[in-house]
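**Student:** no letters, just coordinates:
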């Protein structure tokens, strides 16, 4: 753990590994009885990632072997890179320190931000927690539905953005790839502020995450004050983009692109968009164990996730925190992890060059 008792933790990890090597099946031999597990969240208290971790923590206590105490430790700073760097440098492979990341942690890594001192590929993914989002426009655009997306081309559109390297990089790349003329107004503090700007008529294109869309935008749609175009989509276990199950009647972004252009999306810019889309939505939040963690401990965590998903209390309360999406582990989490933390160097160069040339944003 990230504590002065480093030697004892190393010894514990080594002891666990040795005992498990001689014993039978894994997780049956792992026990965290009497231990405290620190869950590092590289964001301030009260935010979405903090709320997500504090919802899940009691269920890890309940279902991890030995029923350890799980404590959420907030380590904000550097756009989440500070706490993540600390985890990478100090966490021992004994199962007593885990990390929660979000798209805001994945994006600096994918962009080659010099503040990043962590390597996702060194870690073991325990769980992935997806979300989604829906893009919509003002009826003043004259567009009445997804089948008319092509009619947006040539129009002057305005979008309220939190910043070019925030989660709003996904709509920035998507709109650019669609060939839309969108003015991105940077500096908004959150997507909620963006929605309010849309309602005031200051912008005419926007997106909201699924839960916010259902709560705050669907009433606008029902009142004829917003027109939904497409969802970002979801990702199946094989890594294919499919329709978001929360919005089965809306096309996914790849479908919307084909509707607008008559061609299926392809090429470097689409591959770059896809990498950031997966990092920002299907793989938005993930839980990791550090490099070198014995497989038996990884298995114990993954089994705990499966058990918590069947817990009646979890089922009764999850939608308020997680929305309509199910947290995943095992193969599904591994697929999201691999696709959400991998980008070819040439694609990274395409995005960083575009940000610098078109938006005067220098990542490095």
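**Tutor:** Sure thing, it's come through. Since we're looking at a predicted model, the values are computed, not measured.

**Student:** need the residue closest to the centroid of this protein.
**Tutor:** residue 284 (0.6 Å; CA atoms, centre = their mean).

**Student:** distance check, that residue against residue 323.
**Tutor:** 11 Å (CB to CB, to the nearest Å). For every residue, glycine as well, the C-beta is placed using N, CA and C.

**Student:** any shared contact partners between the two?
**Tutor:** By CB atoms under 8 Å, 6 or more residues apart in numbering, residue 284 and residue 323 have these common neighbours: residue 131.

**Student:** looking at this protein, which helix or strand is least sure?
**Tutor:** helix 6-22 (a mean of 44; mean pLDDT, DSSP states H and E).

**Student:** which pLDDT value belongs to residue 254?
**Tutor:** If you check residue 254, the pLDDT there is 97.

**Student:** in what helix or strand does it lie?
**Tutor:** If you go by DSSP states H and E, residue 254 is part of helix 253-261.

**Student:** what packs against that helix?
**Tutor:** Contacts defined by 3 or more CB pairs under 8 Å, 6 or more residues apart in numbering; DSSP states H and E place helix 253-261 against helix 169-178, strand 227-231.

**Student:** and for the following helix or strand past the shortest one, what's in contact with it?
**Tutor:** Beyond strand 227-231 in the direction of the C-terminus, DSSP H and E gives the next helix or strand as strand 234-235. In this structure, residues lying in contact with strand 234-235 by CB under 8 Å, 6+ apart are 130, 132, 241-245, 252, 278, 282, 335-336, 339.

**Student:** cool, and stretch 146-156?
**Tutor:** For stretch 146-156, using CB under 8 Å, 6+ apart, the contacting residues are 137, 141-143, 178-181, 183, 205, 228-230, 250-251, 256, 259-261.

**Student:** so where is the stretch 151-300 of the chain shaky, pLDDT-wise?
**Tutor:** Residue ranges of the stretch 151-300 of the chain with pLDDT under 70: none are present.

**Student:** swap in 90 and give it another go.
**Tutor:** 162-167, 187-193, 209-215, 235-240, 245-246, 275 (pLDDT under 90).

**Student:** go through stretch 78-94 and flag the buried ones.
**Tutor:** Residues of stretch 78-94 classed as buried: 78-81, 83-88, 91-94 (neighbour count, 16 or more other CB atoms under 10 Å).

**Student:** could you export those as CSV, including pLDDT?
**Tutor:** Formatted as CSV, the buried residues of stretch 78-94 follow (pLDDT from 0 to 100):
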residue, pLDDT
78, 83
79, 78
80, 89
81, 91
83, 95
84, 96
85, 97
86, 97
87, 98
88, 97
91, 98
92, 98
93, 98
94, 97
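
**Student:** now, the most widely separated pair of those residues?
**Tutor:** Within the buried residues of stretch 78-94, 79 and 94 form the most distant pair, 28.4 Å apart (CB to CB).

**Student:** mind listing the strands for the chain?
**Tutor:** 36-41, 69-74, 97-101, 124-129, 133-137, 156-160, 181-185, 205-209, 227-231, 234-235, 241-242, 285-289 (DSSP state E).

**Student:** looking at the ones you listed, which is closest to residue 112?
**Tutor:** Closest among the strands of the chain, using CB to CB: strand 97-101, at 16.8 Å.

**Student:** list the strands paired with the closest one, with their directions.
**Tutor:** strand 36-41 (parallel), strand 285-289 (antiparallel) (DSSP bridges).

**Student:** so that strand versus strand 69-74, what angle?
**Tutor:** Calculated by axes from the mean of the first three to the mean of the last three CA atoms, to 10 degrees, strand 97-101 forms an angle of 50 degrees with strand 69-74.

**Student:** distance from the chain centre to strand 97-101, please.
**Tutor:** Chain-centre distance of strand 97-101: 14 Å, with CA atoms, centre = their mean, to the nearest Å.

**Student:** so for that strand, mean pLDDT?
**Tutor:** Strand 97-101 comes out at a mean pLDDT of 97.

**Student:** so it versus strand 124-129, what angle?
**Tutor:** Using the same axes, to 10 degrees, strand 97-101 lies at 40 degrees relative to strand 124-129.

**Student:** list the residues that contact residue 135.
**Tutor:** Residue 135 sits in contact with 171, 174, 205, 206, 207, 228, 229, 230, 231, 232, where contact means CB under 8 Å, 6+ apart.

**Student:** hmm, residue 204 is touching residue 158, no?
**Tutor:** Yes. Counting by CB atoms under 8 Å, residue 204 touches residue 158, with 5.8 Å between them.

**Student:** contacts only, for the spatially closest residue to residue 112 that is not a sequence neighbour.
**Tutor:** What sits nearest to residue 112 in space, not counting adjacent residues and going by CB to CB, 6 or more residues apart in numbering, is residue 348, at 5.7 Å. Taking CB under 8 Å, 6+ apart, we find residue 348 in contact with 110, 111, 112, 272.

**Student:** what count of nearby residues applies to the closest residue to residue 237 other than its chain neighbours?
**Tutor:** Spatial nearest neighbour of residue 237, excluding adjacent residues (CB to CB, 6+ apart): residue 332 at 5.0 Å. Using other CB atoms under 10 Å, residue 332 is surrounded by 19 other residues.

**Student:** which of the contacts of stretch 146-156 count as buried?
**Tutor:** 137, 141, 143, 178, 180, 205, 228-230, 250-251, 256, 259-260.

**Student:** so which bits of stretch 266-274 are buried?
**Tutor:** 269, 270, 272, 273, 274.

**Student:** just the ones of these in helices?
**Tutor:** 269, 270, 272, 273, 274 (DSSP state H).

**Student:** fine, thanks again, bye for now.
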